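Colleague: Need a 3D model of the sequence below.
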Amino acid sequence: ATQTVELSDGSIRTMSELKIGDKVRVHSSSSSSSKQYEPIYSFGHYAPHGVGEFLNLNDGLLQVSPSHLVLSGDGHHWIPASSLKVGDSLVHTKSTIRIDSIRTIVRHDGLYAPFTLSGTILVNDAGIVASTFISLQENQECLHLGGGGTTTVFNTRLSFQWLSYVFESVHRLWFRLFVLFI
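Modeller: Numbering: from 1, shown residues only. All right, here's what the predicted structure looks like:
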């Protein structure tokens, strides 16, 4: 809940202060230097009294759940935060940031996962590019089928970012048709 986002009016809010319809800054895949904002259309979870385990990267640069997807330093792979190692890098608004430390912490101040139309959100002053989605398999960027445990029979090569985005398409359509135009 201590993580912050920038709204389209320039104000900064914590995750716990967000509501449906707030326009938050999102990642632009274009080379345009203009800021992009999108409305929050839903929450994956909104639990003001929730307790959860988080990874604290670089002493507060970003606190994120282990299964949450972040954009790797190469700018092409959405990876679960649990697979980050010291020395890896993440994309932020200007370039990349190197991960120098990772600590596991327990937070008691709520659990929030706002959904944006693009499935991305920029977090904290550094503008760390994060997904609004999670990995459904521990330490996996893509869906793996079969085998169970650590054995994989088939790597589908379908990223959890893409799968979640497609899965949420009906939800986004509903929001665009019936909420945005009210």
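Colleague: ok, Leu69 touching His77?
Modeller: No. Counting by CB atoms under 8 Å, Leu69 does not reach His77; the two are 9.4 Å apart. Glycine gets a C-beta too; all of them are placed from N, C-alpha and C.
Colleague: Between the two, tell me which one has more neighbours.
Modeller: Leu69 (24 against 15; other CB atoms under 10 Å).
Colleague: Show me what that one is bridged to.
Modeller: Assessed by DSSP bridges, Leu69 has beta-bridge partners Pro80.
Colleague: That one and Val24, how far apart?
Modeller: 17 Å (CB to CB, to the nearest Å).
Colleague: cool, His68 as well?
Modeller: 16 Å.
Colleague: Same check on Val5?
Modeller: Counting by CB to CB - Val5 and Val24 are separated by 5 Å.
Colleague: overlap in contacts of these two?
Modeller: Leu18, Pro114, Ile121, Leu122 (CB atoms under 8 Å, 6 or more residues apart in numbering).
Colleague: Kindly list the longest strand within the protein.
Modeller: strand 36-47 (DSSP state E).
Colleague: for that one, packing partners?
Modeller: strand 23-26, strand 111-116, strand 128-134, helix 169-178 (3 or more CB pairs under 8 Å, 6 or more residues apart in numbering; DSSP states H and E).
Colleague: buried set for the longest one?
Modeller: For helix 169-178, the neighbour count (16 or more other CB atoms under 10 Å) marks Arg172, Phe175 as buried.
Colleague: orientation of that helix relative to strand 111-116 in degrees?
Modeller: 70 degrees (axes from the mean of the first three to the mean of the last three CA atoms, to 10 degrees).
Colleague: Averaged pLDDT, helix 169-178. What do you get?
Modeller: Predicted confidence along helix 169-178 averages 85 (mean pLDDT).
Colleague: residues making contact with that helix?
Modeller: So helix 169-178 is contacted by Pro39, Tyr41, Ser42, Phe115, Leu117 (CB under 8 Å, 6+ apart).
Colleague: so where's the protein uncertain?
Modeller: 1, 30-33, 147-152, 180-182 (pLDDT under 70).
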